[in-house]
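> Output the structure for:
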Amino acid sequence: MIEPDSLSVYAADPVAALRRIAFLMERRLEDTYKVQAFRKAAQAILPLSIEEIHRRVADGTLTQIAGVGASTAAVVTQAVEGQMPDRLVAAEAQYGGPLATGGGAVLAALRGDLHSHSDWSDGGSPIQEMAITAHELGREYLALTDHSPRLRVANGLSVERLRKQLDIVEAINTHMDGFTLLKGIEVDILDDGSLDQTDEMLDRLDVRVASVHSKLAMDAPAMTRRMLAAVTGTRMNVLGHCTGRLVGGGRGRRPESTFDAKAVFEACADNNVAVEINSRPERRDPPTRLLEMARDAGCLFSIDSDAHAPGQLDFPQLGCERAEAAGIDRERIVNTWPLERLLEWANPVR
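Next up is the predicted model:
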């Protein structure tokens, strides 16, 4: 919930009020179309001077701006008139508050997030909005990990598009102090265990999350061979949402993929590959019994949001609660490490 002394932020800046409403809705997985009204309105008024916004409030022409509707105009009007917008008060009441009751010490130690998506693949917001929000949440770094080419349903990045994205990441980093946007990818693990991107492009990245997205019902021996080949023979750093399960949410339920988890986790430990604790509430992957197995195998871990919208960058609260409950030593969580150490781990001299 917003404290009373935070009112001035939203009274002085209607863009901040609109962004906050969108953020709160996203962290509770509201439908994208509902959220986008507030983000589009924020983008529409961002280029305007405060004088012009005041003038439009006075003469009732806010809704003549493309992207501003009646409900978002009401937010802008109340903000510039020095009031806490009613819609923001309602959003704080409905969506605010902590996402988890435990894991606070782990969350406080978390420096970054190694799994996020932008509107370059199947995310809903521009790269810079994801970076800015991560910085606002106190992160020191965020890996941009849009999908690889084979995942066409998620608009996976070709080599050419990934090259262009890396240039944009570099440009964003020149304008952000105290924060680094990492060059990354969520790359598909193909049927034979190879990765769905060229070695040249993988070598240009800071972090590589590798995940299975296809043939999730493959028989256990074949899936085990597939995952072991990826863990032992590629440049991957993080094994993403290892079972692929869904336990609820808008996409329904999906059972776990089956594989020899003990063998896979032992390979991860031997090859310095972190097992992701995927913090999306509809995933909770790996399941608790496998999380504990990976712990006992000596694995490293990465607690990630798998965010597809800025508000979802708050999801690591949920993963931190699970890590704490499983008794995972914070030193084994790679995104509690300083950036320099993280990059040395992800890019060893070969």
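> give the contact list for Cys299.
Phe265, Cys268, Ala269, Val273, Ala274, Val275, Arg332 (CB atoms under 8 Å, 6 or more residues apart in numbering). (C-beta placed from N, C-alpha, C; glycine too.)
> and whichever strand or helix holds the first one, what does it pack onto?
So the one you mean is Phe265. Phe265 is part of helix 261-270, with elements assigned from DSSP states H and E. With contacts defined as 3 or more CB pairs under 8 Å, 6 or more residues apart in numbering; DSSP states H and E, helix 261-270 has these neighbours: helix 220-233, strand 274-278, helix 288-296.
> Mind doing that once more with 10 Å?
Judged by 3 or more CB pairs under 10 Å, 6 or more residues apart in numbering; DSSP states H and E, helix 261-270 is in contact with helix 220-233, strand 238-239, strand 274-278, helix 288-296, strand 300-304.
> Save these as CSV, and put in mean pLDDT, mean neighbour count and distance to Leu24 too.
Putting the helices and strands packed on helix 261-270 into CSV (pLDDT from 0 to 100; neighbours: other CB atoms under 10 Å; distance: least, CB to CB, whole Å) gives the following:
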stretch, mean pLDDT, mean neighbour count, distance to Leu24
helix 220-233, 98, 18, 37
strand 238-239, 98, 26, 28
strand 274-278, 99, 28, 22
helix 288-296, 98, 17, 29
strand 300-304, 99, 27, 21
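> Out of these, the one nearest Arg204 is which?
Closest to Arg204 of these is strand 238-239 (CB to CB; 17.1 Å).
> That closest one: partners in the sheet, and parallel or antiparallel?
Counting by DSSP bridges, the strands paired with strand 238-239 are strand 207-211 (parallel), strand 274-278 (parallel).
> just to revisit the earlier point, of all the helices and strands packed on helix 261-270, which one is nearest Leu202?
helix 220-233 (12.1 Å).
> The helices and strands packed on helix 261-270: which one's closest to Ile185?
Nearest of these (CB to CB): strand 238-239, 10.6 Å.
> Can you give the contact residues for the helix or strand following that closest one?
Counting by DSSP H and E, the element after strand 238-239 in chain order, helix or strand, is strand 246-247. Outside strand 246-247, the residues that touch it by CB atoms under 10 Å, 6 or more residues apart in numbering are Gly252, Arg253, Arg254, Pro255, Glu256, Arg280, Pro281, Glu282, Arg283, Arg284, Asp285, Pro287.
> Asp199: neighbour count?
Close neighbours of Asp199, defined as other CB atoms under 10 Å, add up to 11.
> quick one: contacts for it?
So Asp199 contacts Thr234, Arg235 (CB under 10 Å, 6+ apart).
> And it, how close does it get to Val159?
Distance from Asp199 to Val159, counting by CB to CB, to the nearest Å: 11 Å.
> List the contacts of the closest residue to Ser211 other than its chain neighbours.
Excluding the flanking residues, the one nearest Ser211 by CB to CB, 6 or more residues apart in numbering is Gly240, at 3.4 Å. By CB under 10 Å, 6+ apart, the contact set of Gly240 is 114-115, 145, 186-189, 208-213, 274-276, 278, 283, 285, 302, 304, 306.
> I'd like the distance from Gly240 to Glu186, if you could.
Per CB to CB, Gly240 is found 6 Å from Glu186.
> so what's in contact with those two at the same time?
Leu114, His115, Thr145, Arg208, Val209, Ala210, Ser211, His213, Asp304, Asp306.
> Just the pLDDT at the first one, thanks.
Looking at Leu114, its pLDDT stands at 98.
> Can you give me the buried ones in stretch 244-251?
Using 16 or more other CB atoms under 10 Å as the test for burial, stretch 244-251 gives Gly244, Arg245, Leu246, Val247.
> Kind regards, and thank you for your time.
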